[in-house]
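In: okay, here's the prediction I keep looking at, along with the sequence it came from:
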Amino acid sequence: MAEQFGADELAHWVGLLHDIGKFHPDFQKYLREDSSSARVDHKGAGAWMAIDSSLHPLLYPLAAHHGGLQDKVDADDWAKKLNRRRVEEAQRMAREHLPELSSPVPQFPRWIKDKLACEFFIRMLFSSLIDADFLDTEEHFNPAASISRSAEVAIENIQVRFEEFQAAFSGITDDPVNRVRHDVYLACSERAGLAPGFFSLTVPTGGGKTRSSLSFALGHAVKHGMRRVIFVIPYTSIIEQTAEVYGKALAAIGEGIVLEHHSAVDANEEEDESYTSWQRLAAENWDAPIVVTTAVQFFESLLGNKVSRCRKLHNIAGSVVILDEVQTLPAQLLEPILDVLRQLVSHYNVSVVLCTATQPALKQSRYLSGLPNTREIAPDPPRLFSILKRVEYEIPARKERWSWENVAEEILSSDQVLAVVNTRRHVLKLLDHLPEEHLFHLSTLLCGRHRREVLREIKKRLADGAPCRLVSTQVVEAGVDVDFPVVFRAIGPLDSIVQSAGRCNREGKLMRDGRPARGRVVIFQPEEAGMPGGFYRSATAIAQQLLQEEAIDLEDPVLFEKYFTRLYPIRPTSKEREIKDLRCSFCYSKVAARFKIIDEETLPVVVGYPDKEQIMPLLDELEEAFRGHSKRQLRGILRSLQPFMVHVYQNQLLKHEASRSVRRIAPNLDLWEWLLPYDKLRGIGKDYLEPEDCIA
């Protein structure tokens, strides 16, 4: 497992060491005769051998291969807690049975020259150890599950099938949008042979980067002996869409190709099947050719410490990682994110592709330890943006402010229109000023299943030419495949404005008087206060400055380098510095606690959608499983409930608990039931005590 990063000999040695304490007669007695007694330490013998070999960092994986990576494991302090007699007896017996333990001790790779590199290497070694341990145990106790993992499909075969699928439609039609998509696809296929490293794919919204980036990734993986493609997406709301695109393209190959892994996967398998389902097993360690996941899952695993998070890390080595909508990476965590990306590219046989229409400025600079030698894949991005100019922007004067009545009046002047505002509170305000006929809403005030059904209905109405008015937060901006003729966007960060515009005339099919026409994107300044604070407000202020400049071209990708170059120097950096210091001190659990992509403290509430009868049987099963201490059953039910969950702020939840509008489903279980009616338009928003500046 560690061969991809040149640590196969060291990993083999760690694998031998980690359980040699089990050779001791006391442990054998515990296994064979008296399993009810207190467990006998089985980690100390191997850890002490690592200390004797002056490989102190190996204490972290050896001492924590069950409980997770811990903070500042001091060799001397740790050794004082050991029973030296028992340790030495176990080591002696281990050497009798494992002659390899007397061979020369492998050393750390020579490229490890600083603490951050060592800290990250320990994570990857730990991942290799615990996954091997789990798989060995599974093979012994659950051979059916072990066998079901073994259906492997060569990445070369996947590439061939995908290229066949693309050939059936790419370049067939000759309209401007499809010409650009085909040009981007050809460029991605042709440049897949470039040497591994960092790449950017700067393509206008609707330019076909989802399929084209996969073409590059598969070709690149085949050319350079890589094992998988990992597609990292900012929001769960667009994961299913991406996984569905790839699933359809590769359906002829069969199961075992595309793994969709995120917190809201609706895994409704029967309990007996849950341990043999390929999707379930592959999610444990990402042993799949194509993985579609979230930025939260990806980066919080890379800097996590729990066994369940870290188990997959070694399978990121030898991968092509596609970061979709890369501009959404949290600015306050850029340094640790960019560091782990540099580690992966430099030492773990990984290539990284930065995909977006609004490319952030992630080069090396005074204010950022950036990504070196990033090569553009797309053919002449400014030309692509010029060809795909499908909208006209209307930018109001700086002092012009619109009331919600004004916004509603403008919305009602069009049958098909999207309005994107900055906060959920503003969404609710605007909904109050609109008639509910033909009206829809998207935000995290809706549960996941409701959002999916709303999107399905919206796409159908847009395709049929039926009336459809959508009010949304940013959840609609990045990658959601909808196509409105008119979009209103409240003033916000510049990248968000342009991403919203990407939902306007997306396919370039808008016609007026029988001739091709451009969509209308109106940027407006709400009269009511309530702009989110912090970095979001700073980004909006810079956007306002740029929008007042003469001859500004929001279709010019160079503009976004200018925008992010102004923005990143003013980002908050205190958390970045703290995480770096903790990593250099090998404080794994503290790093995991500090590194959170989503900073707000939210808790899940189960809602009655589409009605209470839908979820009551699951809630009854959940309570029964909790009382019966059945972790296996509990896990399956929680997965089934995921589509019916809404996450609310902890302080707001306490207020609702006091007013008895929610109830805790079981003691010590962080899950609540929403007792108030769930509104078919507003979700929980009709009664939820909404904070002023909640964005999503």
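Out: It's in.

In: and Ser200, that one's in a strand?
Out: Yes: using DSSP: H, G, I helix; E, B strand; the rest coil, the assignment for Ser200 is a strand.

In: I'd say it and Ser351 touch.
Out: No: using Cβ atoms under 8 Å, Ser200 is not in contact with Ser351, being 11.9 Å away. Placement of C-beta: from N, CA and C, glycine included.

In: list the contacts for the nearest residue to Asp432 once chain neighbours are set aside?
Out: Nearest non-adjacent residue to Asp432, counting by Cβ to Cβ, 6 or more residues apart in numbering: Trp404, 7.5 Å away. For Trp404, the contact set (Cβ atoms under 8 Å, 6 or more residues apart in numbering) comprises Lys429, Leu430, Asp432, His433, Pro526, Glu527, Glu528.

In: got a pLDDT number for Trp404?
Out: Here the pLDDT value assigned to Trp404 is 97.

In: which of the contacts of Trp404 count as buried?
Out: Using 16 or more other Cβ atoms under 10 Å as the burial test, the contacts of Trp404 include Lys429, Leu430, His433, Pro526 as buried.

In: next, Pro532: phi, psi?
Out: Per-residue torsions, Pro532: phi -50, psi 150 (degrees, to the nearest 10).

In: revised request: answer the last question for Phe120.
Out: phi -70, psi -40.

In: just confirm it contacts Val340, I think it does.
Out: Yes: counting by Cβ under 8 Å, Val340 is a contact partner of Phe120 at 6.5 Å.

In: which one among the buried ones among the contacts of Trp404 gets closest to Ile230?
Out: Of all the buried ones among the contacts of Trp404, Leu430 has the smallest distance to Ile230: 37.6 Å, by Cβ to Cβ.

In: which SSE is the closest one in?
Out: helix 424-431 (DSSP states H and E).

In: now Phe5: closest residue in space that isn't a chain neighbour?
Out: Tyr348 (4.6 Å).

In: count of residues packed around the one you found?
Out: For Tyr348, the neighbour count with other Cβ atoms under 10 Å is 21.

In: list the contacts of it.
Out: Gln4, Phe5, Met124, Ile316, Ala317, Gly318.

In: which of those fall within helices?
Out: Met124 (DSSP state H).

In: which one in the contacts of Tyr348 is the model shakiest on?
Out: Gln4 (91).

In: His347 is in contact with that residue, correct?
Out: No: with contacts counted by Cβ under 8 Å, Gln4 stays clear of His347, the gap being 9.8 Å.

In: what residues of the helix or strand harbouring Arg577 count as buried?
Out: Element membership for Arg577 (DSSP H and E) is helix 574-584. By 16+ other Cβ under 10 Å, the buried positions in helix 574-584 come out as Lys575, Glu576, Ile579, Lys580, Leu582, Arg583.

In: alpha carbons of that helix, in PDB - could you do that?
Out: Output of helix 574-584 as PDB, limited to C-alpha atoms (Å, rounded to 0.1, in the frame of the first residue of the first chain):
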ATOM      1  CA  SER A 574      -4.500  33.300  12.400                       C
ATOM      2  CA  LYS A 575      -6.000  29.800  12.000                       C
ATOM      3  CA  GLU A 576      -3.500  29.000   9.300                       C
ATOM      4  CA  ARG A 577      -0.600  29.900  11.500                       C
ATOM      5  CA  GLU A 578      -2.100  27.900  14.400                       C
ATOM      6  CA  ILE A 579      -2.600  24.800  12.300                       C
ATOM      7  CA  LYS A 580       0.900  25.000  10.900                       C
ATOM      8  CA  ASP A 581       2.400  25.200  14.500                       C
ATOM      9  CA  LEU A 582       0.300  22.300  15.600                       C
ATOM     10  CA  ARG A 583       1.400  20.200  12.600                       C
ATOM     11  CA  CYS A 584       5.000  21.000  13.300                       C
END
